[in-house]
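Participant: here is the input, now give the coordinates:
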Amino acid sequence: MKTIFFFKYIPGILLLCLLFACKKDSPSADGPVIQTPLISKLSRTFVQAGDRLTIYGHALIQDGLLTEVFIGGRPGEIVGQSADSLAIIIPPKVLNGRILVTISRNQQFKSANGPEIAVKPTPLIKSYWPSYAYAGDTIALYTENFSEQNNDNFFYIGNDALQLVSKKDRDTFFVKLPANTNTGLLSWHTYDGPSDTFPVPFPIRHASYAVNTVKDWLHLDPAFSYMDTLVRGYPVLAGGNYPDVHKRIYDSVLLYIANTNRSYTIFLPASDSYRRNNISQETFLNKIMARPYNYNTLLITAIVPGRQLQLQTLQAGDAFPTAYTMRMVYGNDYDDASGNTVSIIEQQGEKYAQLTGIYGETNPPVKILRSHQVGNATIFETDGELGIIYF
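Facilitator: This next block holds a predicted model:
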């Protein structure tokens, strides 16, 4: 009797099993079955915050289901997708971590663990040299956290791409400025990552400016920003003694550099000659205020009156009287008109200027970098101050 009872329920048991089996493989009342995703590979083995990373695999996108990606526990933004790939943006402040893809609906989900990926620090341009340049020049960028593969690194000034010329070491890049570029912000990125920008524009010099006085040229040429500060700010920087003590020499300087009629040559240090010696603009201002008599004298000593000299015609042994004379210092009634001279020296094919005093004493020579023609005047740009030799 028991055997008959058992066989009586066999058809019902088989029907229930069949129903459960069909339910497991068929869409549920809430939606389609979640397939287990698979991660097969990544587009690269290391990234930086903001980079674009592609994840390859299977069942990464499923209709009606939510796909999410996490790197080291932080969510990444999905910016491109297909059934077999996901493109994501690496989130900020993420450290090295494992890639996780989840497919979910409500409280149900399935996930796939991918390989661990290295997240590198954000690239940075810390500084550059020189502090200004002509279009077409090559400059050095001092950086950190850029890729060792040159093709992964991109540099710009404004919207113009910079040409990577060479590398000195891992963190020093030499890049060439475009031939027709202008002053603009330096920016950069690595791989497909986001751009970052240097906080101040990179100054581009011009071969000429539409001005007729040296004073105006100094104001426009970024290589003479320190000299422009000195010239324009001197009456204030010189302090309370300016009217009685310093004004007469300063006015003598202006008779040349603010005048369109006088012919003369002036030797002026480029701003980077100060920066090379760690003299900031603020330090320079403090030096003027501390010893104002040094700086109006510096300017008048640098002037060779009556001569618009040409760099290509200078020869070793040439000597030119400067505007800093005994008569200029002590008044027109002073009998002795002797003063300092500028002598030309040649070393290894380069030309240098050296200040010589009335008793033969000398200052260290400074290299003449280039010349500029401004109306009836010539500026010789130097890599340092001629200095002062007092009487």
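Participant: avg pLDDT for the longest strand seen in the chain?
Facilitator: What stands out as the longest strand in the chain, according to DSSP state E, is strand 108-120. In this model, strand 108-120 carries a mean pLDDT of 90.
Participant: buried residues in that strand?
Facilitator: By neighbour count on 16 or more other CB atoms under 10 Å, the buried set for strand 108-120 is Lys110, Ala112, Gly114, Ile117, Val119. For the C-beta atoms, the positions are set from N, CA and C on the backbone; glycine is no exception.
Participant: quick one: those residues as JSON lines, columns for distance to Ala207 too.
Facilitator: Formatted as JSON lines, the buried residues of strand 108-120 follow (distance: CB to CB, whole Å):
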{"residue": "Lys110", "distance to Ala207": "67"}
{"residue": "Ala112", "distance to Ala207": "61"}
{"residue": "Gly114", "distance to Ala207": "56"}
{"residue": "Ile117", "distance to Ala207": "49"}
{"residue": "Val119", "distance to Ala207": "46"}
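Participant: what is the nearest of the residues you listed to Ile55?
Facilitator: Ranked by distance to Ile55 (CB to CB), the buried residues of strand 108-120 are led by Gly114 at 6.6 Å.
Participant: that closest one contacts Gly97, correct?
Facilitator: No - here Gly114 lies out of contact with Gly97, judged by CB atoms under 8 Å, at a distance of 10.3 Å.
Participant: how far is stretch 101-108 from where the chain is centred?
Facilitator: Centre-to-centre, stretch 101-108 and its host chain are 46 Å apart (CA atoms, centre = their mean, to the nearest Å).
Participant: tell me the strands beside the longest strand of the chain, with direction?
Facilitator: Applying DSSP bridges, strand 108-120 is found paired with strand 46-48 (parallel), strand 97-105 (antiparallel).
Participant: quick one: which of the ones you listed is nearest Leu309?
Facilitator: Judged by CB to CB, the one of the strands paired with strand 108-120 that comes nearest to Leu309 is strand 46-48, at 53.1 Å.
Participant: quick check: neighbours of the next helix or strand after that closest one in the sheet, parallel or antiparallel?
Facilitator: Downstream of strand 46-48, the next assigned helix or strand under DSSP states H and E is strand 52-58. For strand 52-58, the pairing partners within the sheet under DSSP bridges are strand 38-42 (antiparallel), strand 85-89 (antiparallel).
Participant: which single one of the buried residues of strand 108-120 is nearest to Ser338?
Facilitator: Nearest to Ser338 out of these is Val119 (CB to CB; 71.0 Å).
Participant: residues contacting that closest one?
Facilitator: For Val119, the contact set (CB atoms under 8 Å, 6 or more residues apart in numbering) comprises Phe46, Val47, Gln48, Ala49, Ile71, Gly72, Ile90, Val94, Leu95, Asn96, Gly97.
Participant: what about the second one, neighbour count?
Facilitator: If I follow you right, that is Val47. If you count neighbours by other CB atoms under 10 Å, Val47 ends up with 25.
Participant: cool, the one 3 residues further on as well?
Facilitator: Neighbour count of Gly50, defined by other CB under 10 Å: 18.
Participant: nearest spatial neighbour of it, skipping sequence neighbours?
Facilitator: Distance criterion CB to CB, 6 or more residues apart in numbering; nearest residue to Gly50, sequence neighbours excluded, is Pro194 at 3.8 Å.
Participant: okay, now the one you found: neighbour count?
Facilitator: With other CB under 10 Å as criterion, Pro194 counts 15.
Participant: quick one: it from Ile88, how far?
Facilitator: The gap separating Pro194 from Ile88 is 14 Å, by CB to CB, to the nearest Å.
Participant: was I right about Gly97 contacting Gly73?
Facilitator: Yes - with contact defined as CB under 8 Å, Gly97 counts as touching Gly73 (6.5 Å).
Participant: and the closest residue to Phe284 other than its chain neighbours, what does it touch?
Facilitator: Closest residue to Phe284 apart from its sequence neighbours, by CB to CB, 6+ apart: Tyr226 at 5.5 Å. By CB under 8 Å, 6+ apart, the contact list for Tyr226 reads Pro269, Ser271, Tyr274, Gln281, Phe284.
Participant: inside strands: which ones of those residues?
Facilitator: Per DSSP E, these map to strands at Pro269.
Participant: kindly indicate the member of the contacts of Tyr226 with the most neighbours.
Facilitator: For the contacts of Tyr226, neighbours tallied by other CB under 10 Å; top is Ser271, 24 neighbours.
Participant: show me what contacts that residue?
Facilitator: Ser271 sits in contact with Ser131, Tyr132, Pro222, Ala223, Phe224, Ser225, Tyr226, Met227, where contact means CB under 8 Å, 6+ apart.
Participant: who's Ile39 bridged to?
Facilitator: The partner residues for Ile39, given DSSP bridges, come to Gly57.
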